[in-house]
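Q: build me a structure from this.
(one chain, ligands or ions: 1)
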Amino acid sequence: MKFADWAYKIPESEIRRLLRFNVKYYYAGGKPGVLPTEIIAKILKKIGEDQLKNIEDGREQEVADIYNYGVTAGTDFFRKTLAERLRREGIETNWEQLMITTGSQQAIYLVLDTLIDPGDVIITTRPAYLGFLGPAGKLGANIITVPTDLDGIVPEYVENAIELSEKEFGKKPKMIYLVPDGDNPKGTNLPAKRRQALFDVAEAQDVLIIEDSPYRNIHFKGEKVFPIKSLDKENQRVVYLGSTTKEAMAARVGYALAPEELRENMIKGKGFLDLCTPLIMQRILDEYYRNYIDDMLPKINSTYEARAKAMIEAMDATFPAGERTDPKGGFFIWWESENKNFNAKEFLERVAMPNEVLFVPGEAFYPLGGMAYLPDSNSLQPTVAETHELRLSYSFKDEENIREGIPLLGKLLTEELG
Ligand SMILES: Cc1ncc(COP(=O)(O)O)c(C=O)c1O
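A: Residues are numbered from 1 along each chain as shown. This is a model prediction of the structure:
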């Protein structure tokens, strides 16, 4: 069988590969580890009882409708609930501007598929979420990565990279993609000043920002900063992607708020992918968002905070020389060895996995091909994936497990690196 070119060019995502392994010390994928199981069970019971009552009362059609196809953009009721929550965050929107997607992963794909022709340019962070890099590569984008520090992306570098894009590729980038809250993979939170500066750069240069924020509500330290989308009063400059996965469950429901014409085309694209996101999931989540989430979030966040703290303490006590990030929220900590010759991927396979420890090697978060913006020379150079970095997730395993597993990883790394 001869496949389309991309099937040969784009490898399987490292995370999808690692999700298959069931090890004792699992710090790889961004799997939610604090699920509101009891609440969801209550919601299911209530929905079931309501449905039985409707059937008894001769209103079976109402029940049947939730198990049928729905409008591609999503149900009115859930879009209204989400729009109300976004307004609380300072995002001016009404429910008709929102679309529901099958996970925010689908929204990422739809934004890219709607905007990117082969050869178009995208700017993103270095490192970047691999679930963005994969589809961007599949669609033939030229990816320019911009370095990040312990606070995330540097707007001035983005501005320089936009100018260099015109020289290198003869065109401006079509979009800037970033995860400003609880970044995946670095676990950083972009400060307010940089959000404003990045928005100003995008306005001045006429480039769209994709603000991917599935970890927005997983926040446990310091003040929460406004979403970049809240600066976009005309709904013209920023696409905001939200998800229910990290704060509710992996029911595969996300949402997107995009400029009108873009949204219409994304809905058209969604029609080609899955026609609609299951209505029953929207119904369950609507109940959760209307009645439970505000009580649940502090509990969820304090558990993640304790896990992050356990991981940080164990890393600081047992890891060899290197630098780590200090998450204020999200699921991840990023660690860079001082030894640039360290190969985290090779170490994972040879040492960590036989010891039941799993993390994601940093290499996975670099694009295949593409260009890297280098501030020292203010130039674009071919991307070189760093091998001495790794991403640890504290979301899935409990504190006790982390207090065992991370010192074990620290010991193994120290034996390796001295
Ligand atoms: C940055 C980022 N965006 C999008 C997603 C996809 O989330 P979902 O499709 O579950 O909404 C993830 C999941 O890990 C993520 O980390």
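Q: other SSEs contacting the longest strand along the chain?
A: Longest strand of the chain, by residue count under DSSP state E: strand 142-149. The helices and strands touching strand 142-149, judged by 3 or more Cβ pairs under 8 Å, 6 or more residues apart in numbering; DSSP states H and E, are strand 121-126, helix 130-138, helix 155-169, strand 371-374. In this view, the C-beta of every residue, glycine as well, is placed from N, C-alpha and C.
Q: mind redoing it with 7 Å?
A: Counting contacts by 3 or more Cβ pairs under 7 Å, 6 or more residues apart in numbering; DSSP states H and E, strand 142-149 is packed against strand 121-126, helix 155-169, strand 371-374.
Q: could you check the angle the longest one makes with strand 121-126?
A: Computed by axes from the mean of the first three to the mean of the last three Cα atoms, to 10 degrees, the angle separating helix 155-169 from strand 121-126 equals 140 degrees.
Q: for the ligand, what's its nearest residue on the protein.
A: Across the chain, the shortest distance to the ligand (Cβ to the nearest ligand atom) belongs to residue 103, at 2.6 Å.
Q: around the ligand, pick out the residues from the stretch 101-250 of the chain.
A: Within the stretch 101-250 of the chain, the positions adjacent to the ligand are 103-105, 129, 131, 179, 184, 212, 214, 243, 245, 250 by Cβ under 6 Å from any ligand atom.
Q: one step back: contacts for the longest strand of the chain?
A: Contacts to strand 142-149, defined as Cβ atoms under 7 Å, 6 or more residues apart in numbering, come from residues 119-126, 128, 133, 136, 153-154, 157-158, 161, 165, 169, 173, 186, 188, 367, 370-373, 375, 380, 383.
Q: go ahead and build a PyMOL selection from the buried members of these.
A: To isolate the buried members of the contacts of strand 142-149 in PyMOL, using 16 or more other Cβ atoms under 10 Å:
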select buried, resi 120+121+122+123+124+125+126+128+133+136+153+154+157+158+161+165+169+173+186+188+367+370+371+372+373+380+383
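Q: neighbours of residue 32, how many?
A: Look at residue 32: counted by other Cβ atoms under 10 Å, it has 18 neighbours.
Q: over to it. Which of the three states is it?
A: coil (DSSP: H, G, I helix; E, B strand; the rest coil).
Q: adjust the sequence numbering to begin at 42 for everything that follows.
A: Let's use 42 as the start, then, which means that last one is residue 73.
Q: touching, it and residue 284? I think so.
A: No: judged on Cβ atoms under 7 Å, residue 73 makes no contact with residue 284 at a distance of 10.2 Å.
Q: what's next to stretch 54-70, contact-wise?
A: 171-172, 175, 394, 397-401, 405, 433-435, 437-438, 442, 446, 449.
Q: export the helices and strands packed on strand 183-190 as JSON lines, with columns for distance to residue 182 and mean pLDDT.
A: Shown next, in JSON lines, are these (distance: least, Cβ to Cβ, whole Å; pLDDT from 0 to 100):
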{"stretch": "strand 162-167", "distance to residue 182": "5", "mean pLDDT": "98"}
{"stretch": "helix 196-210", "distance to residue 182": "10", "mean pLDDT": "97"}
{"stretch": "strand 412-415", "distance to residue 182": "11", "mean pLDDT": "98"}
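Q: so for residue 387, which of those sits nearest?
A: For residue 387, the closest of those is strand 162-167, at 21.4 Å, according to Cβ to Cβ.
Q: now the helix or strand harbouring residue 345: how far from the chain's centre is it?
A: Element membership for residue 345 (DSSP states H and E) is helix 334-359. Centroid displacement of helix 334-359 relative to its chain, using Cα atoms, centre = their mean, to the nearest Å, is 19 Å.
Q: for it, packing partners?
A: So helix 334-359, by 3+ Cβ pairs under 7 Å, 6+ apart, packs with strand 373-378, helix 440-458.
Q: could I have the CA atoms of the longest one written out in CSV?
A: Just to be clear, that refers to helix 440-458. Taking C-alpha atoms only, helix 440-458 is exported to CSV below (Å, rounded to 0.1, in the frame of the first residue of the first chain):
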residue,chain,number,x,y,z
GLU,A,440,2.5,12.1,46.4
GLU,A,441,3.7,8.8,47.9
ASN,A,442,4.5,7.5,44.5
ILE,A,443,6.4,10.7,43.6
ARG,A,444,8.3,10.6,46.8
GLU,A,445,9.6,7.2,45.9
GLY,A,446,9.9,7.5,42.1
ILE,A,447,11.6,10.8,41.8
PRO,A,448,14.5,10.0,44.2
LEU,A,449,15.0,6.8,42.3
LEU,A,450,15.2,8.8,39.0
GLY,A,451,17.5,11.2,40.8
LYS,A,452,19.8,8.4,41.9
LEU,A,453,19.8,6.9,38.4
LEU,A,454,20.6,10.3,36.8
THR,A,455,23.4,11.0,39.4
GLU,A,456,24.9,7.6,38.6
GLU,A,457,24.8,8.4,35.0
LEU,A,458,26.0,12.0,35.2
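Q: quick check, pLDDT for residue 54.
A: pLDDT, residue 54: 75.
Q: oh sorry, the question was meant for residue 62
A: 78.
Q: and it, how far from residue 373?
A: Separation of residue 62 from residue 373 (Cβ to Cβ, to the nearest Å) stands at 18 Å.
Q: those two: which is more packed in?
A: Using other Cβ under 10 Å as the criterion, residue 62 and residue 373 rank with residue 373 on top: 26 against 12.
Q: can you name the residues bridging to that one?
A: residue 434 (DSSP bridges).
Q: neighbours around residue 370, how many?
A: Neighbourhood size, residue 370 [other Cβ under 10 Å]: 25.
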